[in-house]
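Chemist: Fold the following and give me the result.
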Amino acid sequence: MMRAQRIVTYIYMVTDEKDLLDKIVEEVKNEDKAKSVVSKSAPADKNSSDEKVKRAVKKEVKVPAPEQKEAAPVKNASVAGMPPRVQASGVSMTELFEKDETHIPQLGEPITGTVIDISGNVVLVDLGGVGTGMVIGREAKSGLSEDAKLAVGSTIEAVVTDMINEEGYMELSIREASYEKAWDDLRAKKDDELTVKTKILDANKGGLIVEMNGITGFLPVSQLSSKNYPRVEDGDRNKILELLKQLLGKELPVRILDVDQETEKLIVSEKAAHSEEERQAISGLSVGDVVEGEVSGVVDFGAFVKFAPAGSDDDADRNLEGLVHISELAWQLISDPREIIKVGEKVQAKIIGIDDTRISLSVKALLADPWTVIGEKYVVGKEYTGAVDKINPFGAFVYLDKDIHGLAHVSEFQEAFPGKKLDETIKAGSSYKWKVLSIEPKGHRMGLLLVDGKEVPKEDA
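Modeler: Here you go, the predicted model:
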């Protein structure tokens, strides 16, 4: 329809009423000649035909009377709202189309316009020479927080969704146009490593569902700050989910880790947003420092301890958190950290490593090393009673007391008891007689050999 309107406009621009009339008369004259080859009254017929056509065209075109003929049109003037007439002598229709700079957008193309009316859920937009556009309902919402509320006179960017709707307008979508803008904004924030706030919409067992610029994203549990990380002793995922749900509706500062428009992937991190602040606090720490804190979580591989850095005045929001690895909890072998340390317990620990924002702690470093006096208790070549802690393919771990353990290697056993299997001769939890083969205090290693395979009664152990 719009193209047809343009064609009518061009016809008006290049042809006035008299030119049109002359062309129609010429076509009728040629048709009469073809139909009346032998007619001798051609001149009379011609005049008659001309008059009939002129009368018919006058009714349609309404050619003004000679005495009412207007003066030469003023340059750039328009008649009845139509574009100014253009002198068309020697100019073809094709050339005029080629010279026209008005771009008619296609479906899916972006376009800029000015809001001229807002009525309910309908927004009308002036698109200049293209016409008027219409934005309906939710298509008027951009999703970008920084976008101002629509108002008459405001300039908007939209995408063409329908060339002409039932009301005769070009239908537009501001929301669809903002989709590209939203992803561009997210990419820029990632590249600039900006910290922004995001609202928590939902939670699942793997993390939190967030929203930025109207786009849904994901905040993994592993990327939560130590303050919001769900510490659950038994690792129960349902308990973790309950703790995560306590964050619904809140706004958290985050940084964008990954943004991919093609796969619609948006990953954010609260931990990264606090990294610079943590680095500043950690800069005041040194390896060898002793800190006092509270156990914030116990997991299979160790325990987390929260402590206040020097000068923080015990501000909980500024607390740092370090990890005590299972091997640094005590001098003895530990199968389950939960057996020797509990959440909420107050502990002292020594800083044994700092890597960026990761702090490694040791509890056993502040305890006396029982291996330094092992020579006072055990002698190579002598026999002692020991309890089997666990058996694996290369041997058995045996405790001679609560702090000192040794390894009965499978190769030593096979040499002493040919044809027998270690795991069929002894069992975990039982006590037996062992001969000390070697002691290495610095390496905390002791070699043992099963004496006879006879289980020692608990009352004699």
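
Chemist: looking at this protein, which helix or strand is least sure?
Modeler: Taking mean pLDDT, DSSP states H and E as the measure, the chain has helix 2-14 as its least confident helix or strand, at a mean of 40.

Chemist: and the closest residue to residue 369 other than its chain neighbours, what does it touch?
Modeler: Excluding the flanking residues, the one nearest residue 369 by C-beta to C-beta, 6 or more residues apart in numbering is residue 331, at 6.4 Å. Bear in mind the C-beta positions are built from the backbone N, C-alpha and C, glycine included. By C-beta atoms under 8 Å, 6 or more residues apart in numbering, the residues touching residue 331 are 364, 367, 369-371, 403, 444.

Chemist: for residue 108, same thing?
Modeler: Going by C-beta under 8 Å, 6+ apart, the list of residues near residue 108 reads 159-161.

Chemist: shaky segments in this protein?
Modeler: 1-102, 141-148, 233-234, 310-318, 459-461 (pLDDT under 70).

Chemist: ok, the residue sitting nearest the centre point of the chain - contacts?
Modeler: By C-alpha atoms, centre = their mean, the mean C-alpha position of the chain lies nearest to residue 266, the distance being 1.1 Å. Residue 266 makes contact with 186, 210, 212, 215-218, 256, 258-260, according to C-beta under 8 Å, 6+ apart.

Chemist: Same question for residue 273.
Modeler: Counted by C-beta under 8 Å, 6+ apart, residue 273 has contacts 195, 225, 252-255.

Chemist: ok, which stretches of the stretch 101-250 of the chain are helices?
Modeler: Assigned by DSSP state H, counting those that start in this stretch, the stretch 101-250 of the chain shows helices spanning 174-191, 237-245.

Chemist: Just say which of those helices is most tucked in.
Modeler: Mean neighbours per residue, mean count of other C-beta atoms under 10 Å, is largest over the helices of the stretch 101-250 of the chain for helix 174-191, with a mean of 17.

Chemist: ok, residue 196 to residue 254 distance?
Modeler: 7 Å (C-beta to C-beta, to the nearest Å).

Chemist: same deal with residue 217?
Modeler: 9 Å.

Chemist: thought residue 451 was touching residue 383?
Modeler: Yes. If you go by C-beta atoms under 8 Å, residue 451 and residue 383 touch, sitting 5.8 Å apart.

Chemist: overlap in contacts of these two?
Modeler: 433-435.

Chemist: could I get those as JSON lines with neighbour count and secondary structure?
Modeler: Formatted as JSON lines, the shared contacts of residue 451 and residue 383 follow (neighbours: other C-beta atoms under 10 Å; DSSP: H, G, I helix; E, B strand; the rest coil):
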{"residue": "433", "neighbour count": "16", "secondary structure": "strand"}
{"residue": "434", "neighbour count": "24", "secondary structure": "strand"}
{"residue": "435", "neighbour count": "17", "secondary structure": "strand"}
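
Chemist: any chance of the residues you listed in CSV, plus distance to residue 284?
Modeler: Listed next are the shared contacts of residue 451 and residue 383 as CSV, based on distance: C-beta to C-beta, whole Å:
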residue, distance to residue 284
433, 54
434, 49
435, 52
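
Chemist: Looking at those residues, spot the one nearest residue 229.
Modeler: Nearest to residue 229 among the shared contacts of residue 451 and residue 383: residue 434, at 43.5 Å, using C-beta to C-beta.

Chemist: ok, and the closest non-adjacent residue to the closest one?
Modeler: Using C-beta to C-beta, 6+ apart, the closest residue to residue 434 is residue 448 (4.4 Å).

Chemist: Report the secondary structure state of that neighbour.
Modeler: strand (DSSP: H, G, I helix; E, B strand; the rest coil).

Chemist: Can you name the element that comes right after the helix or strand containing residue 280?
Modeler: In the assignment (DSSP states H and E), residue 280 maps to helix 275-282. Sequence-wise, the next helix or strand downstream of helix 275-282 (DSSP H and E) is strand 290-299.

Chemist: So which other helices or strands are in contact with that next one?
Modeler: Contact partners of strand 290-299 among helices and strands, from 3 or more C-beta pairs under 8 Å, 6 or more residues apart in numbering; DSSP states H and E: strand 302-307, strand 320-325, strand 346-355.

Chemist: what angle separates that strand from strand 346-355?
Modeler: 90 degrees (axes from the mean of the first three to the mean of the last three C-alpha atoms, to 10 degrees).

Chemist: Show me which positions of strand 290-299 end up buried.
Modeler: Residues of strand 290-299 classed as buried by neighbour count (16 or more other C-beta atoms under 10 Å): 291, 293, 295-299.

Chemist: Closest to residue 327 out of the residues you listed?
Modeler: residue 299 (13.8 Å).

Chemist: what bridges to that closest one?
Modeler: Beta bridges link residue 299 to residue 302, judged by DSSP bridges.

Chemist: Surely it is in contact with residue 235?
Modeler: Yes. Here residue 299 reaches residue 235: they are 7.1 Å apart, a contact under C-beta under 8 Å.

Chemist: Now do the domain split for this structure, please.
Modeler: 2-99, 110-180, 196-273, 275-366, 372-456 (automatic domain parsing).

Chemist: where do the helices sit along the stretch 301-450 of the chain?
Modeler: 410-416, 422-425.

Chemist: I'd like to know how many residues surround residue 129.
Modeler: Using other C-beta atoms under 10 Å, residue 129 has 11 neighbouring residues.

Chemist: Enumerate every residue touching residue 183.
Modeler: Neighbours of residue 183 in contact, by C-beta under 8 Å, 6+ apart: 213, 215, 259, 261.

Chemist: at 6 Å what do you get?
Modeler: residue 261 (C-beta atoms under 6 Å, 6 or more residues apart in numbering).

Chemist: now residue 363
Modeler: 324, 329, 347, 349.

Chemist: still on that earlier bit, show me the one of the helices of the stretch 301-450 of the chain that comes nearest residue 134.
Modeler: helix 422-425 (80.4 Å).

Chemist: With distance to residue 396 and mean neighbour count as new columns, can the helices of the stretch 301-450 of the chain be given to me in a markdown table?
Modeler: Shown next, in a markdown table, are those (distance: least, C-beta to C-beta, whole Å; neighbours: other C-beta atoms under 10 Å):
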| stretch | distance to residue 396 | mean neighbour count |
| --- | --- | --- |
| helix 410-416 | 8 | 15 |
| helix 422-425 | 6 | 14 |
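
Chemist: Distance to residue 243 for these - can I get that in TSV?
Modeler: Converted to TSV, the helices of the stretch 301-450 of the chain look like this (distance: least, C-beta to C-beta, whole Å):
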stretch	distance to residue 243
helix 410-416	45
helix 422-425	41
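
Chemist: where's residue 378 relative to residue 385, distance?
Modeler: 12 Å.

Chemist: That should have said residue 214, apologies.
Modeler: In terms of C-beta to C-beta, residue 214 sits 71 Å off from residue 385.

Chemist: try residue 280
Modeler: Taken as C-beta to C-beta, the span from residue 280 to residue 385 is 55 Å.

Chemist: Next: residue 246.
Modeler: Taken as C-beta to C-beta, the span from residue 246 to residue 385 is 52 Å.
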